[in-house]
Structure formats: structure tokens, C-alpha cells
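>>> fold the following for me, if possible:
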Amino acid sequence: MARKYKLTGICLFTIITILLIFTFTASAATQVTLRPLSKVVESGSPITVDIFVDPDTEIAGMQFDLKFDGSVLQVTDVTEGDLFKQNGTETFFNPGQKDTGTLKNVYGCILGKGEASTSARFATVTLSSTPGKRGVAQIYLQNVTVSSREGNAVQTRVKNTSIILTKTRNYDNFQRELIKRLVEELTLKRQSYA
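Here you go, the predicted model:
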């Protein structure tokens, strides 16, 4: 009877171990994250977003499209990051085509032999925001493909972002109001000492 329970326990332990191995293997993926320089921006100000890649294997190429609300945001610049340049390798980079609400066909790769396996920026996108527009602006990646040196797609996970656009401050009124409050506080403190 004890032998039967021992055999059942060993079988159960083996099954759980195999399931855990498959679970951890299946969850490994290259992480592609949109990282804004700031999550809260005054409307009318530029917005900088890095496309950050954390590889789980050696990679040599990447492409993506970027989607956003074209009535609030417009792409002004796209520059290559250092993801594929880390080991002094030569690269090719295409900044894509700008359109209303999209940035399409941004891609880059290592030319010749070489691979990247250390986390870094693939690209930086600068957007302008429409003055006077407030609210939350969603920015998200589409058609993301990360590939190995052989050109095979690797498994990826994407993390998108949003930006909160706030009302533009009128700095002259803000400064006057701040000075007025400071003078009132100093006057009250002075009176309390008298």
C-alpha cells in the first residue's frame, strides 16, 4: 500500500515538473516596449518615445509599424537606436513612412555577421502634439517582427503605452499667482510674529 502511494507521488511530481518546464519554455519571448520620456506632457509639446528591445535570444533584425491618434499626434522624427550597433557592427536602418495616425515600415538589421543579445533601444520616435488638445493619447505597435541572423522570426511580446496630454499653462499668469501667494504667506507669518 505504501509502495502504491510512493509510485503515485513520483508520477505526480514528474508530471508537474514536465508541465513547469513547458510553461517556462513557452513564456520566453523577446520583449518590445514603448518607453516614453515622460508619461505626462503639456499639449503642444514634443513627445519622445523609445522602442526598447529586451532579447531572449540573439537577434539581427526588426521591423514595426506605429499607430496613434492622428488628430492629436504627428511623427516629426525617427532615429536609429543602438540595439544593433552595440558590438561595432554595421547596420541598415529605414525610418519608415509617416502618414496620418501611422508610421509604417520602420525596419533595421545588422549587415554581415553579427547578432545582438543585450537590451537596448531599437529606435526613437519624436511626435508633436496638437496645442490645446487634452486627454489620453494611446500609442501602440503593430506588425512587430524580430528576427534571428538566419531571418527566422523569434517569439515577441509587445508592451504599448499612453501619454497624458495636459492643458498648456499660461506661465505669466502662473508666475503672478505664485508670487501673490508667496507674498500673502510671508505677510501672514510676519503678522503672527508681531
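>>> list the strands paired with the longest strand seen in the chain, with their directions.
Longest strand in the chain by number of residues, with DSSP state E as the criterion: strand 135-147. Using DSSP bridges, the strands paired with strand 135-147 are strand 61-68 (antiparallel), strand 153-154 (antiparallel), strand 161-166 (antiparallel).
>>> ranking these by mean neighbour count, which comes first?
Counting by mean count of other Cβ atoms under 10 Å, strand 61-68 has the highest mean neighbour count of the strands paired with strand 135-147, with a mean of 22. In this view, the C-beta of every residue, glycine as well, is placed from N, C-alpha and C.
>>> which SSE is immediately downstream of that strand?
Downstream of strand 61-68, the first helix or strand assigned by DSSP states H and E is strand 73-80.
>>> so what does that following strand touch, helix or strand wise?
Judged by 3 or more Cβ pairs under 8 Å, 6 or more residues apart in numbering; DSSP states H and E, the packing partners of strand 73-80 are strand 102-110, strand 120-129.
>>> if we can go back for a sec, next, the angle from the longest strand of the chain to strand 73-80.
Strand 135-147 runs at 30 degrees relative to strand 73-80, counting by axes from the mean of the first three to the mean of the last three Cα atoms, to 10 degrees.
>>> pull out the buried positions in stretch 32-50.
Buried residues in stretch 32-50, counting neighbours by 16 or more other Cβ atoms under 10 Å, are found at 32-34, 36, 41, 43, 47, 49-50.
>>> tell me how far the residue sitting nearest the centre point of the chain lies from F93.
Nearest to the geometric centre of the chain sits L34, at 1.3 Å (Cα atoms, centre = their mean). Note on L34: its distance to F93, by Cβ to Cβ, to the nearest Å, is 18 Å.
>>> over to T30?
To F93, T30 is 18 Å away according to Cβ to Cβ.
>>> pick out whichever of the two has more residues nearby.
A count of neighbours by other Cβ atoms under 10 Å puts T30 above the other of T30 and F93, at 22 against 18.
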